[in-house]
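Colleague: next input, structure requested:
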Amino acid sequence: MRVAFVSNVVYPYVTGGAEKRIHEIGSRLANRGHEVTVYGRHFWDGPSEITSDGMTLRAVAPAADLYNDDRRSITEALDFAARALPPLRRRLRDDEHDVVVASVFPYFPVLSTRLAALGTDTPLVTTWHEVWGEYWEEYLGSLAVFGKVSERVTARTPQHPVAVSGSTADQLAAIGPGRDDVAVVPNGIDTEQIRTAPRPDAGYDVLFAGRLVEHKNVDLLLEAFNRVCEERDVSLGVIGDGPEKARLESQRESLTNADAVEFLGFLDEYEDVLGHMRAADVFASPSTREGFGLTLAEAMAADCSVVAADHPDSAADEVIGDAGFLTAPTAKALAGALETALDGDRPIVDPVDRAQRFDWDAVALQAETVYQRVVDSDGRPLESDAMLGTSP
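Modeller: All right, here's what the predicted structure looks like:
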């Protein structure tokens, strides 16, 4: 196959989950003999077209700031969509690609990719990491209607959608395509890299890693951990940064056992995060909105006992299954789950074994199958047996 990925950000020059997924899947497809091209912004030094890990990286727009304060820049997304359209359309008209894969979010490049493909035989696959729905109210406030409309328009654009979890697929089906038309290919991890990451000199009994935003519910974790500390000599490490950091640090100071909690901030080296996971006994993430829950899979691969929130807007139950502990997102319930895990009770299923299904090698094979079936379908929707995700 000749596969084209469209993403304004390109890994490893920008290090986020969506671009890393493209890199890991794309490089493995290239290694399996497929021709892979990534259309993105020119974040690397040198010419606008280079070869990296067997893939062609083709810049169709200059580097640009991706954020305004703590929010993704709408003007950046619009600019990239407009700049990507003409060169991508020329390539598709020349029949250079068998399938084009556009990452959601942002939405506008998906729409411009669809326009670029009009009049050609090249099918469009989209990768949905999340469906925001009512979260737009929290994210944009009075402007939420624009986010909701953009999301719905994108969902209803002709495409072959791929969701990273069954939960995300269900949410997508509620605003656009039929559920049977949404294939599920999870996000992935490098299990070998996790197993060999160097441990820090000193670790924590309980660890959290993630962006410090409201729906991650780190405030609940702090309250629950403070209760646990009443009868146990344990420590909590919090890795990450975000708009909630100052409030959470202030909350930490009010805790009876404040000395047992340490904020490590954002760690530049990914392996440092993995090392802390390897050194921890328990990984806790009471987030109530997870399109997939990558840190949960990473923590399982590091042989942590994982504690996560059970919530309809989170795919945590799909990721951990019986290889961790699900709990209601309340301080009391979370404290009980932490106590269970800290007492040495292990999940029914071995976390390391569970994590293996999310290794990038396995995920890339699933993605390859979906892309090939799209190419072979001649533009027809895939049947429900193309649902390739994981079950609990």
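Colleague: okay, CA-based contacts and neighbour counts for the rest of this
Modeller: Fine.
Colleague: now do the helices in the stretch 1-150 of the chain.
Modeller: 17-31, 74-93, 108-117, 135-140, 144-155 (DSSP state H, counting those that start in this stretch).
Colleague: check which helices and strands the third one sits against.
Modeller: What that stands for is helix 108-117. helix 74-93, strand 99-104, strand 124-128 (3 or more C-alpha pairs under 8 Å, 6 or more residues apart in numbering; DSSP states H and E).
Colleague: just the CA atoms of it, as CSV, please.
Modeller: In CSV, the C-alpha atoms belonging to helix 108-117 read as follows (Å, rounded to 0.1, in the frame of the first residue of the first chain):
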residue,chain,number,x,y,z
PHE,A,108,-10.1,21.5,9.8
PRO,A,109,-7.2,19.4,8.3
VAL,A,110,-9.7,16.5,8.1
LEU,A,111,-12.1,18.6,6.1
SER,A,112,-9.4,19.9,3.8
THR,A,113,-8.1,16.4,3.2
ARG,A,114,-11.6,15.3,2.2
LEU,A,115,-11.7,18.2,-0.2
ALA,A,116,-8.3,17.2,-1.6
ALA,A,117,-9.6,13.7,-2.2
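Colleague: in it, what's buried?
Modeller: 108-114, 116-117 (16 or more other C-alpha atoms under 10 Å).
Colleague: same check on stretch 51-58?
Modeller: For stretch 51-58, burial by neighbour count (16+ other C-alpha under 10 Å) applies to 54-58.
Colleague: with pLDDT and distance to Glu96 as added columns, please give these in TSV.
Modeller: Converted to TSV, the buried residues of stretch 51-58 look like this (pLDDT from 0 to 100; distance: C-alpha to C-alpha, whole Å):
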residue	pLDDT	distance to Glu96
Gly54	97	17
Met55	98	14
Thr56	98	13
Leu57	98	15
Arg58	98	13
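Colleague: show me which pair in the residues you listed is furthest apart.
Modeller: Farthest-apart pair in the buried residues of stretch 51-58 is Gly54 and Arg58; separation 12.9 Å (C-alpha to C-alpha).
Colleague: so how far is stretch 101-118 off the chain centroid?
Modeller: On the basis of C-alpha atoms, centre = their mean, to the nearest Å, stretch 101-118 is displaced by 19 Å from the centre of the chain it belongs to.
Colleague: contacts for it?
Modeller: Contact with stretch 101-118 is made by 3-8, 18, 77-78, 80-82, 84-86, 88-89, 92-93, 123-129, 150-151, 154, 157-158, as judged by C-alpha atoms under 8 Å, 6 or more residues apart in numbering.
Colleague: could you pull up the mean pLDDT of that stretch?
Modeller: For stretch 101-118, the mean per-residue pLDDT is 92.
Colleague: ok, stretch 238-256 next?
Modeller: On average, stretch 238-256 scores 96.
Colleague: buried residues in it, which are they?
Modeller: In terms of neighbour count (16+ other C-alpha under 10 Å), stretch 238-256 has its buried residues at 238-241, 244-245, 248-249, 252, 255.
Colleague: cheers, nothing more for now.
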